[in-house]
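A.B. asks: Quick one: sequence plus predicted model below, questions after.
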Amino acid sequence: MSDGQWYQVNDDGTTTPLDGPPPGWRDSWGGTSPPEEAYGRVTDPERYRVLHTAARELLDRLTTAYAVDREDGDAALDPPLTGRFTDPVEAVVRLTPRSPTAAPLTVAFTSFPGLTARFGEWVVQLLPICGCDACDDDPAVLAEQLTRDVEALVAGRFTERLTGSGDDLRIGYRLGDQELDSLHTEPRQAARAGGPAEHEWSPWPPAAR
């Protein structure tokens, strides 16, 4: 935010205006814009380490509660997801429900430390989005956001779609109470998708008792 307007930075470098600050943002600057030096500066990245703990606990609970196949690996488990990072990837976990109509979940753990989650085929969430002092994301809020969004996916309250074609292929989705249209895909995503499509994902099947 430099002109009074909040923006989301998309995977292809374009921006999408937001009605307010991104989820998890805390106004630590007394209602004024952060100083220029706060952008690009990360004073205490280790405070985000709690996201790794929260994500691992969440993935373990899901593995026990639902009929899923779990894969634990490294960046090679999902190159289109992990290839975008400048920070090394420490681990990647993918949970694939044993129902073809339920959405898979992939979580990458970066050395920042942070998380990137893929919901279904195309929707990618970065936690934190930035991590700089100016954005000042609250790790506890981000952990709550991840849990809430994953619960929506597991409950089948998730629809994703691709529209357009070629270089103008776009993602739209509804995840719980969130809805977003016209987010440009990045080139590797567009190539992998192949063209317009839509998924209305069903709930995850519970584990056998």
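C.D. replies: Structure's in. What do you need? None of these values were measured; they are calculated from a predicted model.
A.B. asks: And the helices in the chain?
C.D. replies: 49-65, 79-82, 139-154, 187-193 (DSSP state H).
A.B. asks: mind putting those in TSV, mean pLDDT, distance to Leu126 and mean neighbour count included?
C.D. replies: Every residue, glycine included, has its C-beta placed from N, CA and C. Below are the helices of the chain laid out as TSV (pLDDT from 0 to 100; distance: least, Cβ to Cβ, whole Å; neighbours: other Cβ atoms under 10 Å):
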stretch	mean pLDDT	distance to Leu126	mean neighbour count
helix 49-65	96	11	16
helix 79-82	85	11	16
helix 139-154	94	10	19
helix 187-193	50	14	15
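A.B. asks: Glu121: which of those helices is closest?
C.D. replies: Glu121 lies closest to helix 187-193 among the helices of the chain, at 7.2 Å (Cβ to Cβ).
A.B. asks: Let me know which of the helices of the chain is the nearest to Val107.
C.D. replies: Once these are compared by Cβ to Cβ, helix 49-65 is nearest, at 5.5 Å.
A.B. asks: which residues touch that closest one?
C.D. replies: 68, 70, 93, 95, 105, 107, 109, 113-115, 127, 139-140, 142-143, 146-147, 150, 154, 204, 206-207 (Cβ atoms under 8 Å, 6 or more residues apart in numbering).
A.B. asks: distance of the closest residue to Tyr66 other than its chain neighbours from Thr63?
C.D. replies: In this structure, Tyr66 finds its nearest non-sequential neighbour in Trp204, 4.5 Å apart by Cβ to Cβ, 6 or more residues apart in numbering. Note on Trp204: its distance to Thr63, by Cβ to Cβ, to the nearest Å, is 11 Å.
A.B. asks: Asp181: which of the helices of the chain is closest?
C.D. replies: Asp181 lies closest to helix 187-193 among the helices of the chain, at 16.2 Å (Cβ to Cβ).
A.B. asks: what's the longest strand in this protein?
C.D. replies: Using DSSP state E, we find that the single longest strand of the chain is strand 89-97.
A.B. asks: Residue ranges in this protein under the pLDDT threshold?
C.D. replies: 1-42, 84-85, 131-136, 166-167, 182-195 (pLDDT under 70).
A.B. asks: What are the boundaries of the strands in it?
C.D. replies: 6-9, 15-18, 68-73, 89-97, 105-110, 114-119, 123-127, 158-163, 170-175, 178-184, 197-201.
A.B. asks: mind putting those in TSV, mean neighbour count included?
C.D. replies: Shown next, in TSV, are those (neighbours: other Cβ atoms under 10 Å):
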stretch	mean neighbour count
strand 6-9	14
strand 15-18	12
strand 68-73	14
strand 89-97	19
strand 105-110	22
strand 114-119	21
strand 123-127	21
strand 158-163	19
strand 170-175	20
strand 178-184	14
strand 197-201	15
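A.B. asks: could I get those strands as JSON lines with distance to Asp44?
C.D. replies: Shown next, in JSON lines, are the strands of the chain (distance: least, Cβ to Cβ, whole Å):
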{"stretch": "strand 6-9", "distance to Asp44": "22"}
{"stretch": "strand 15-18", "distance to Asp44": "25"}
{"stretch": "strand 68-73", "distance to Asp44": "29"}
{"stretch": "strand 89-97", "distance to Asp44": "19"}
{"stretch": "strand 105-110", "distance to Asp44": "16"}
{"stretch": "strand 114-119", "distance to Asp44": "13"}
{"stretch": "strand 123-127", "distance to Asp44": "16"}
{"stretch": "strand 158-163", "distance to Asp44": "33"}
{"stretch": "strand 170-175", "distance to Asp44": "30"}
{"stretch": "strand 178-184", "distance to Asp44": "28"}
{"stretch": "strand 197-201", "distance to Asp44": "37"}
